[in-house]
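Undergrad: just coords:
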Ligand SMILES: [Ca+2]
Ligand SMILES: [Ca+2]
Ligand SMILES: [Ca+2]
Ligand SMILES: [Ca+2]
Ligand SMILES: [Ca+2]
């Protein structure tokens, strides 16, 4: 079995996975037009819609992404348009057996990057110094400390440090001091401080907030480390003294961070967060499967990829569960989905990924097809673990971390879990970057890439036009990830993104 | 009736309101010590605890802040320590009649400040240009636009503009596109854009977010105005083009803002947001009543003050309702309190202001006494209106705006409602500042003021030591507010606060 799909020999129809029995029109196809592999379109088919690549008998599964997306409601001839008129949603649970066996991962030839191996063994790809904050009230002080460090040229002696990053946020007080929201916030702050892309961290608090910085440092084993310091504005006597105290702390922390050197590290040390935002009809056909191909390659090298954005996998979650390496992993995924149904119901919202009228017009027929387009960015590797938002990674391989679909919030959790790189697919052109973990952006279509070249690192639009294949793009993405991990700057780093995108998931009442 | 309380002729006991039958020890008082007005302490009394200024018969109300805070459970002699051993909570509703008549406001001699009268008639005290954002994803672009404007010296020609303020936040997408959370966010963004402290506003969107900037501009009448522009990053083709487009927009907006001139305006045009954060045992005895005195003076001049932080008035809400100018106003306040009980219950949190063990040790006996300490910053004026978070102000006078107690979130709503100034009391030393509306900070105790002189504008600690009175401090606060309204910079402005403290209240599921 190959790791990825291929396009048919000729444009204008794309097959995502070799097992698929439908292909997708990459432009409007005329009646009678040959679409490759000897298939001829029976009728005119709009761009984005499906065509049967082989005959599909009534009741038989329709396969896309190598997965069941529904069943034929009548016999479908080779070359026929496949949509709501001849297929429908089927009982996925009954079909799961088809996919139950985990896809075996190949052991690829070893590859390397030049990263920062930290004292605890984890490997960073950047060497930032963070000025974190326990509460919004310390945000301006953190910014002033970073600005003062820049003005006084504190970094001039340390070319090996990528920068001082002030990170503020909108919470830390006005929340209950126990329960899920409190735990998540503390986990997020600690996990961010512990991310190996930080060579050292200063945590600034106000003093009277619900999230106490000293307690956080004590509870998470940060106290007494030479790469971590914390103080509160109230203890040092106000903003101006906090800036002085912050500069003193940086003078001690910078040499610690600067002592780190890049060394050769195996690709198995990479931890990649997967994101998609501003998706379009092509995201699930080009950028997401291409990223999925890169993920399968990374996993085959022993590396780690983190799929998240729980509301966006709704409907395809059973298929993801079927790839779990252990029933407990599948059960934990189901538990998170159940949590989300309760959470959204409680708030009078709905977690409904059913194709919208716009989706249907674009050729998406079932909820499975739609959600599989999002899940495609995780490739076909087995699911080795399910963790909660901002929980530390425990296993290498493909991991699911629960999170909202809101990109900055989801990425914040992944980075707190330990992601040192982010790969972000977009069809409409998300403006996104993160610190301390760099983000590469992948466009689903070439017009977007041409419009936003300054923002997009890799264009996957060529998959639609036959100029390239999912497999080749997967190779390119992995190559770029290794380069970025070794120090090559991404487009969003060149632009200066990061910091503002730190958005801890806020659950519970703001009081 | 006077507008405020007075201290007894001699230290060490403070009477908050002339009607009070108890005073509060401003230091530890020894048994037999004379505490002024001919009263002698019967026993030793710890700092912060109450002493009967007159004999109080069993069942009679105990009065502090000119309000009922409980009832005597036995006869209390003049000079006796008053606490849980001889008083308890009583049925407040039964006592409300005592306070039901609105306190009449005096018509003070007219006072003025030099403000910016905007085309719609509202008056600003600053002349900023805002770069607002509909979604977190546009936050970095807004920051880059403001930085580029500074680098290119765009402001050099416009000394009459106070600065370009980029304002980002952590939401705008990943939320339901209908319901309370969505409405609040749109109201907050619009209200902030409409605040008269902005001479012009640029609103930057990403393009695919839930909160659409063009729709917002259309719905709230911002479109077509010469002091407002909006565009999305996706429409203009990425971050770098967004910065160019943003600079172009600023080149058009800056002359519009710069055309504004300060002119003499009556104090009745001032709109003051009231905040307290990091309170201590003295907040309710010094800084809050002193601010309340200033509020009564401002209201007597026809001006507006906004009390908020609903969870912190819990328990004293019936007394506030009793000051309502119309039963509908009282009913709306009760409705907001009911909403909060439901909201916190839904989230498994509690809105419980009952004195904590620490509060009890500090001398606070009942929930009424504790909450009245927070409400004291609103003075004694009639309550003319109750509005929801970020709803536009409709009436001059003392207004209640519903909000969480979390300071940045509460202040964000007040400024969106129209507050052009903020007065913030603190006992532990909150680090707070806001843009576009300047904030003055008031310390409840002198050691705090001395420790954080760079942050605190006015020390109210002298009220405890008899060096000054609530009335004199109230005058000082109003004088400073008028000066600040005319252009004098506050401590937090000098330090560079503002922008990061913009925290719209997030209600509902993050998805
Ligand atoms: Ca998505
Ligand atoms: Ca997303
Ligand atoms: Ca998104
Ligand atoms: Ca408070
Ligand atoms: Ca507060």
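TA: The structure has been received and is ready for your questions. Remember, predicted model here, so these are calculated numbers, not experimental data. Ligands and ions are numbered 1, 2, ... in the order given.

Undergrad: closest residue of chain A to ligand 3?
TA: Of all residues in chain A, residue A:277 sits closest to ligand 3, at 3.5 Å by CB to the ion. From N, CA and C alone the C-beta is placed, and that goes for glycine too.

Undergrad: show me what contacts that residue?
TA: A:407, A:424, A:425, A:426, A:430, A:432, B:137, B:208 (CB atoms under 8 Å, 6 or more residues apart in numbering or on different chains).

Undergrad: what's the most distant pair in the residues you listed?
TA: Spanning the widest gap among these are A:425 and B:137, at 14.7 Å by CB to CB.

Undergrad: residue A:464 against residue A:282, yeah?
TA: Yes: between residue A:464 and residue A:282 there is a contact at 6.1 Å, judged by CB atoms under 8 Å.

Undergrad: re earlier: look at residue A:425 and residue B:137 and report which has more neighbours.
TA: residue A:425 (32 against 29; other CB atoms under 10 Å in any protein chain shown).

Undergrad: okay, and that one sits in which element?
TA: strand A:421-426 (DSSP states H and E).

Undergrad: is chain B within reach of that strand?
TA: No: using CB under 8 Å from any CB of the partner chain, strand A:421-426 stays clear of chain B, with a minimum separation of 8.7 Å.

Undergrad: how about that strand, does it reach ligand 2?
TA: No: between strand A:421-426 and ligand 2, judged by CB under 5 Å from the ion, nothing touches; the nearest distance is 8.6 Å.

Undergrad: other residues contacting the helix or strand that comes right after that strand?
TA: Per DSSP H and E, the first helix or strand lying C-terminal to strand A:421-426 is strand A:439-443. Here strand A:439-443 makes contact (CB under 8 Å, 6+ apart) with A:275, A:287, A:290-291, A:411, A:421-427, A:429-430, A:432-433, A:449, A:452, A:455-461, A:477, A:480-481, A:484, A:490-492, A:497.

Undergrad: for the stretch 351-500 of chain A, what spans make up the helices?
TA: A:357-361, A:367-375, A:407-417, A:446-451, A:462-465, A:470-486, A:491-495 (DSSP state H, counting those that start in this stretch).

Undergrad: to ligand 2, which of these lies closest?
TA: Of those, nearest to ligand 2 by CB to the ion is helix A:407-417, at 4.5 Å.

Undergrad: quickly run through the sheet partners of the longest strand seen in chain A, with directions.
TA: In chain A, taking DSSP state E as the definition, the longest strand is strand A:198-205. Take DSSP bridges as the rule and strand A:198-205 pairs in its sheet with strand A:128-133 (parallel), strand A:228-232 (parallel).

Undergrad: what's the first helix or strand after the longest one?
TA: Once strand A:128-133 ends, the next helix or strand along the chain (criterion: DSSP H and E) is helix A:139-151.

Undergrad: for that next one, name the packing helices and strands.
TA: strand A:128-133, strand A:163-167, strand A:198-205, helix A:239-258 (3 or more CB pairs under 8 Å, 6 or more residues apart in numbering or on different chains; DSSP states H and E).

Undergrad: got the contact list for the second one?
TA: The reference is to strand A:163-167. So strand A:163-167 is contacted by A:128-133, A:139, A:142-143, A:145-146, A:149-150, A:154-155, A:192, A:250, A:435-436, A:498-499, A:502 (CB under 8 Å, 6+ apart).

Undergrad: mean confidence score for that strand?
TA: On average, the pLDDT along strand A:163-167 is 98.

Undergrad: please apply the same query to the third one.
TA: Over the span of strand A:198-205, the pLDDT mean works out to 97.

Undergrad: got a list of contacts for the helix or strand just after that strand?
TA: Counting by DSSP H and E, the element after strand A:198-205 in chain order, helix or strand, is helix A:213-219. Residues from elsewhere that reach helix A:213-219 (CB under 8 Å, 6+ apart): A:134, A:186, A:189-190, A:203-205, A:222-223, A:228, A:230-232.

Undergrad: please repeat the previous calculation with a cut-off of 10 Å.
TA: Contacts to helix A:213-219, defined as CB atoms under 10 Å, 6 or more residues apart in numbering or on different chains, come from residues A:132-135, A:138, A:172, A:185-187, A:189-190, A:193, A:201, A:203-207, A:212, A:222-225, A:228-232, A:235.

Undergrad: tell me which residues touch the residue in the stretch 401-511 of chain A that ligand 1 sits nearest to, please.
TA: Ligand 1 sits closest to residue A:405 of the stretch 401-511 of chain A, with a gap of 5.5 Å, by CB to the ion. Residue A:405 makes contacts with A:275-277, A:279, A:308-314, A:351, A:353, A:374, B:173-174, B:510-511, as judged by CB under 10 Å, 6+ apart.

Undergrad: need the buried ones from those residues selected in PyMOL.
TA: Filtering those down to the buried ones (16 or more other CB atoms under 10 Å in any protein chain shown) takes a single PyMOL command:
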select buried, (chain A and resi 275+276+277+279+308+309+310+311+312+313+314+351+353+374) or (chain B and resi 173+174+510+511)
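
Undergrad: next step: the contacts of residue A:405 restricted to helices.
TA: A:310, A:311, A:312, A:313, A:374 (DSSP state H).

Undergrad: out of those residues, who's near chain B?
TA: Among those, proximity to chain B is found for A:310, A:311, A:312 (CB under 10 Å from any CB of the partner chain).

Undergrad: ok, for residue A:404, nearest residue in space, not its chain neighbours?
TA: Once flanking residues are discounted, residue A:404 sits nearest to residue B:510: 4.6 Å by CB to CB, 6 or more residues apart in numbering or on different chains.

Undergrad: oh, that last question was meant for residue A:346, not what I typed.
TA: With CB to CB, 6+ apart, the residue lying closest to residue A:346 is residue B:346, at 6.5 Å.

Undergrad: so the one you found sits against residue A:347, correct?
TA: Yes: Residue B:346 is within contact range of residue A:347, at 8.4 Å (criterion: CB atoms under 10 Å).
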